[in-house]
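[1] Next one to model:
(one chain, ligands or ions: 1)
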Amino acid sequence: MTATRLDGKATRDELFHDLAARVEVLESRGIQPGLGTILVGDDPGSAAYVRGKHADCARVGIASIRRDLPADISQEKLHATIDELNADPACTGYIVQLPLPKHLDENAALERIDPDKDADGLHPINLGRLVLGKEAPLPCTPRGIVHLLRRYDVPIAGAHVVVVGRGITVGRPIGLLLTRRSENATVTLCHTGTRDLAAHVRQADIVIAAAGVPGIITADMVKPGAAVLDVGVSRVEGKLAGDVAPEVWDTAGHVSPNPGGVGPLTRAFLIANVVERAERQQA
Ligand SMILES: Nc1nc2c(c(=O)[nH]1)N[C@@H](CN(C=O)c1ccc(C(=O)N[C@@H](CCC(=O)O)C(=O)O)cc1)CN2
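    The predicted structure is shown next:
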C-alpha cells in the first residue's frame, strides 16, 4: 500500500488565491493589513522562514515590516522593538520568529506582544481564550494541520490522535484545537518522558510527529491505514529531515510529507490570521 499524499503546497495555493481576493476587498475599503516580523540572530533556517513570510505578503498583496536584530541583543532591546511594533499603525499583526537565542526569555517576549496584534496566536491571553472557547487567532501550524486533514477528508471526529512532541508552536496547542467540539478528537500527547512511545503511536488513527528527531516514527509503530503528519524539523548535514521514516508510506493511509506538507500551511495561516483580523475590524 502507498499512502495518499497530503499536499501542503497545493492546499496553500488554494488558500492564497482566496486570501488575495479578500485583501483586494479590504483595500477597496481603504484597509491595508501589514504583517511584521522580528528575527533575532542569523540562524539560516529561521532567516529562510522569515524571507518566506515576506514573500507571502507580497503574493497576497499585504504590506510587510521587517526588524532583524543581532544574536547578542539584550531582552530590553528586544522588548523595545516589540513595543515599537505594538505602537506602529502600519503593522496590524506580527510575530517574533522562534526559537530565540538561548540567553533570551521567549515567554517574556511573547507576553510583551499586544494580544490584538498577535499573528501567531501564541500570546498567553490568546491561548487562554482558545482554552475558554472564545474567539482568538489560532496558532498557525495547528490550524494548518486541521485544515489539511479536512481538505483530504481524513475523519477527525472520534479519531484517536497521538501527538509526539510538546513544543509551543505545535505539540502544546494542537490538542486544544483537536479537542474542541467542532473537531471532537481524542488526543494523547507524548514527549521525551513517555514510556513506550511505540505502544502509544500504534493506537493512533492520526499521528502528528513534531518531535524534531529524524525518523523517530517507524513503520512498525503505525497502525495500517493511519494518517501520519510529519511536522518535525531537523537539519542533517544541512538538509531538512522530518520525524517520519520513509517506510511509513507503505503502512499509512495518508502521509503529509516534510517538506511539502504542513510547513507551507503554517505560512498560509499566518497571512490568514492577519487578513481575518482586518476583516473583523472593518465589520
Ligand atoms: N513565531 C513562530 N516561530 C516559529 C513557527 C511559528 O509558527 N511561529 N514555526 C516554525 C517555523 N516556521 C514558521 O515560522 C515554518 C516552518 C516550516 C515552513 C515551511 O514551509 N517549510 C517547508 C520546508 C522549508 C525548508 O526546506 O526548510 C516545507 O515544509 O515544505 C514554514 C514556516 C518554528 N518557528
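[2] what ranges do the strands span in the stretch 101-250 of the chain?
    160-164, 186-190, 206-209, 227-230, 234-236, 239-241 (DSSP state E, counting those that start in this stretch).
[3] Would you mind pulling the contact partners of the third one?
    This means strand 206-209. 145, 149, 154, 156, 159-165, 170-171, 174, 185, 201, 216-217, 222, 226-232, 242-244 (Cβ atoms under 8 Å, 6 or more residues apart in numbering). C-betas here are computed from N, CA, C, even on glycine.
[4] what's the answer for the first one, then?
    The set of residues that contact strand 160-164 without belonging to it, under Cβ under 8 Å, 6+ apart, is 170-171, 174-175, 178, 185-191, 197, 200-201, 203-211, 216-217, 243.
[5] Could you pick out the buried ones from these?
    By neighbour count, with 16 or more other Cβ atoms under 10 Å, these hold 170-171, 174-175, 178, 185-187, 189-190, 197, 200-201, 204-211, 216-217, 243 as buried.
[6] returning to what we had before: of all the strands of the stretch 101-250 of the chain, which one is nearest the ligand?
    The ligand lies closest to strand 239-241 among those, at 4.4 Å (Cβ to the nearest ligand atom).
[7] and the closest one, anywhere near the ligand?
    Yes. Using Cβ under 6 Å from any ligand atom, strand 239-241 comes into contact with the ligand via Leu240.
[8] List the residues that contact the residue of the stretch 1-150 of the chain found nearest the ligand.
    For the stretch 1-150 of the chain, the residue closest to the ligand is Leu98, as judged by Cβ to the nearest ligand atom, at 3.6 Å. Neighbour list for Leu98: Ser46, Glu106, Ile168, Thr169 [criterion: Cβ under 8 Å, 6+ apart].
[9] rerun at 10 Å
    Val40, Ser46, Tyr49, Glu106, Ala109, Leu110, Asp120, Leu122, Gly167, Ile168, Thr169 (Cβ atoms under 10 Å, 6 or more residues apart in numbering).
[10] Please apply the same query to Leu6.
    145, 148-149, 151-152, 154, 227-230, 254-257, 260-262, 265.
[11] what's the answer for Ala278, then?
    Arg22, Val23, Leu26, Glu27, Arg29, Ile31, Gln32, Pro33, Gly34, Ile62, Thr92, Gly93.
[12] For the last one, which residues are in contact?
    This means Gly93. So Gly93 contacts 33-36, 62, 85, 113-114, 116-120, 137, 270-271, 273-278 (Cβ under 10 Å, 6+ apart).
[13] and if we set it to 8 Å?
    Gly93 touches Pro33, Gly34, Leu35, Gly36, Lys117, Asp118, Ala119, Pro137, Asn273, Val274, Arg277, counting by Cβ under 8 Å, 6+ apart.
[14] quick one: contacts for the closest residue in space to the fourth one that isn't next to it in sequence?
    Right, Gly36. Spatial nearest neighbour of Gly36, excluding adjacent residues (Cβ to Cβ, 6 or more residues apart in numbering): Tyr94 at 3.1 Å. If you count contacts by Cβ under 8 Å, 6+ apart, Tyr94 has them with Leu35, Gly36, Thr37, Ile38, Ile65, Leu85, Ile113, Lys117, Ala119.
[15] what does the helix or strand encompassing the fourth one rub up against?
    If I follow you right, that is Ile38. When elements are assigned from DSSP states H and E, Ile38 belongs to strand 34-40. By Cβ under 8 Å, 6+ apart, the residues outside strand 34-40 that reach it are 46-47, 50, 53-54, 57, 62-71, 73, 78, 81-82, 85, 88, 90-97, 100-101, 104, 117, 119, 270-271, 274.
[16] show me what contacts the residue of the chain found nearest the ligand?
    Residue nearest to the ligand within the chain: Gly263 (2.1 Å; Cβ to the nearest ligand atom). Shown in contact with Gly263 (Cβ under 8 Å, 6+ apart): Gly8, Val233.
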